[in-house]
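A.B. asks: Generate a structure from the sequence data that follows.
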Amino acid sequence: MSRGLPLLHRRRILLSGAIGGITCAAVVVGAAMAGQDGSGDASASTKAASAISCPAVAGSLPEIPAEAQAEVDRNLALLDTQLAEANKRLSTSQGEGGPNFVQNAILGPLADKRKSTLDRIAISIGRRAEKPAGLDALAECTLSDGGAGAGSDTGAGGEAGGAASPTAAASQPAEEQGGGADQGGGADQGGGAGAGSGQTINCPDVASEIGDVPAAAQAEVDRNIALLQTQLDEADKRLASSAGEGGPNFVQNAILGPLKDKRASTIDRIELSISRQGSTAPSGLDALAGCSLASG
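C.D. replies: Down below sits the predicted model:
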């Protein structure tokens, strides 16, 4: 018995050491797997959150006059294209900008772009029937936790970030965000310096190209001319405060492009206000929507 006890103790010690080694190995492996799972979950979460959802527009429209159907369909397809491009931008911009980058460079411009397109839908219907009200409330989009959105505005469902047709993509205006406005004669001029480089934004003059305005439309035309100036002032302010933000195409994608679309929508309203009074709307004003950078 006296010889058996030491042997038993040795066996117990060896068994305890083996169990301890297995336990430590299990803890290490488990921690490694947990770390991998955590990073995978984070990656999956990032991907899942990288989708933009927008309110459906098609189902909120009244009966569309036959003469306006083609134009409305084009703009509904354009809404889908805008969303697809915003989702693409979201998926390729990980790590860009600061904490407000997504709102300032993607969601904000998308909302402004949608407002411009919704304006065109309302205008096209309003030329032949009662203009639908409240479409602007459908402009704002949000980040979703799911995939790339559901449905399409070319149908009755919600808009999705799917691929858009080449035709729709070609007709899509750039993203809206900033503003712009006219300043009397000559090219419109903003007052802010561009990203610390002394640059400003110059826009073509619209007021001098309108011609005679019916008296009943004058107030509305004046409001929209003033709005063009406000838009330009805001874009210049954005240009001056955005030094170092985004990539090499930031100014075009987040400032000049959105400004162009916002101006196009405002110019559309000017034309509509004149045509409502039975006068012929001036032609070629759309060509004045685009702006460019100039040295201050």
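
A.B. asks: Quickly find the element holding residue 140.
C.D. replies: For residue 140, there is no host helix or strand (DSSP states H and E).

A.B. asks: Excluding sequence neighbours, find me the nearest residue to it.
C.D. replies: In this structure, residue 140 finds its nearest non-sequential neighbour in residue 111, 5.1 Å apart by Cβ to Cβ, 6 or more residues apart in numbering. The way it works is simple: take the backbone N, C-alpha and C, and place the C-beta from them, glycine included.

A.B. asks: just checking, what packs against the helix or strand harbouring the one you found?
C.D. replies: If you go by DSSP H and E, residue 111 is part of helix 108-126. Counting contacts by 3 or more Cβ pairs under 8 Å, 6 or more residues apart in numbering; DSSP states H and E, helix 108-126 is packed against helix 66-92, helix 257-275.

A.B. asks: now for the helix or strand that that helix is followed by, which elements pack on it?
C.D. replies: For helix 108-126, the following helix or strand on the C-terminal side (DSSP H and E) is strand 142-144. If you count contacts as 3+ Cβ pairs under 8 Å, 6+ apart, strand 142-144 packs onto strand 51-53.

A.B. asks: on that earlier part again, would you mind listing the buried residues in the helix holding residue 111?
C.D. replies: Judged by neighbour count using 16 or more other Cβ atoms under 10 Å, the buried positions of helix 108-126 are 108-126.

A.B. asks: my guess is residue 140 contacts residue 113, does it?
C.D. replies: No: if you go by Cβ atoms under 8 Å, residue 140 and residue 113 don't touch, sitting 11.7 Å apart.

A.B. asks: And the residue nearest to residue 140, how far from residue 242?
C.D. replies: Distance of residue 111 to residue 242, given as Cβ to Cβ, to the nearest Å: 18 Å.

A.B. asks: what does residue 107 give?
C.D. replies: Counting by Cβ to Cβ, the gap from residue 107 to residue 242 is 16 Å.

A.B. asks: Show the contacting residues for the closest residue to residue 211 other than its chain neighbours.
C.D. replies: Among residues not flanking residue 211 along the chain, residue 282 sits closest, at 5.4 Å (Cβ to Cβ, 6+ apart). By Cβ atoms under 8 Å, 6 or more residues apart in numbering, residue 282 lies in contact with 209, 210, 211, 271, 274.

A.B. asks: cool, residue 290 as well?
C.D. replies: Shown in contact with residue 290 (Cβ under 8 Å, 6+ apart): 203, 204, 256, 260, 263.

A.B. asks: Chain neighbours aside, what residue packs nearest to the last one?
C.D. replies: Read that as residue 263. residue 289 is the one closest to residue 263 (Cβ to Cβ, 6+ apart), at 4.3 Å.
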